[in-house]
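**Q** take this sequence and fold it.
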Amino acid sequence: MEPTYDITSKILQLVGSISEKTGEANTLLVGKESPQLRKQNK
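**A** Down below sits the predicted model:
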């Protein structure tokens, strides 16, 4: 079965951009939570 859409270079660029921003957001969240957890565990 053929998809009803075409994967274009624009779609690939957008997916890459979303993935990059998601990774940056995860890094920021992990960086903020880790020091709090360490302080709570001590």
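
**Q** pLDDT weak spots in the protein?
**A** 31-42 (pLDDT under 70).

**Q** for it, which segments count as strands?
**A** Taking DSSP state E as the criterion, the chain carries no strands.

**Q** could you pull out the helices in it for me?
**A** 9-41 (DSSP state H).

**Q** Ile18 - how many residues pack around it?
**A** Number of residues near Ile18 (other CB atoms under 10 Å) recorded here: 10. Just so you know, the C-beta spots here come from the backbone N, C-alpha and C atoms, and that holds for glycine as well.

**Q** cool, Ile11 as well?
**A** 11.

**Q** same thing with the one 4 residues further on?
**A** Neighbour count for Val15, taken as other CB under 10 Å: 11.

**Q** what does Met1 give?
**A** Residue neighbour count, defined by other CB under 10 Å, stands at 3 for Met1.

**Q** tell me the spacing between it and Asn26.
**A** Distance check for Met1 against Asn26: by CB to CB, to the nearest Å, it reads 34 Å.

**Q** thanks again, I'm all set now.
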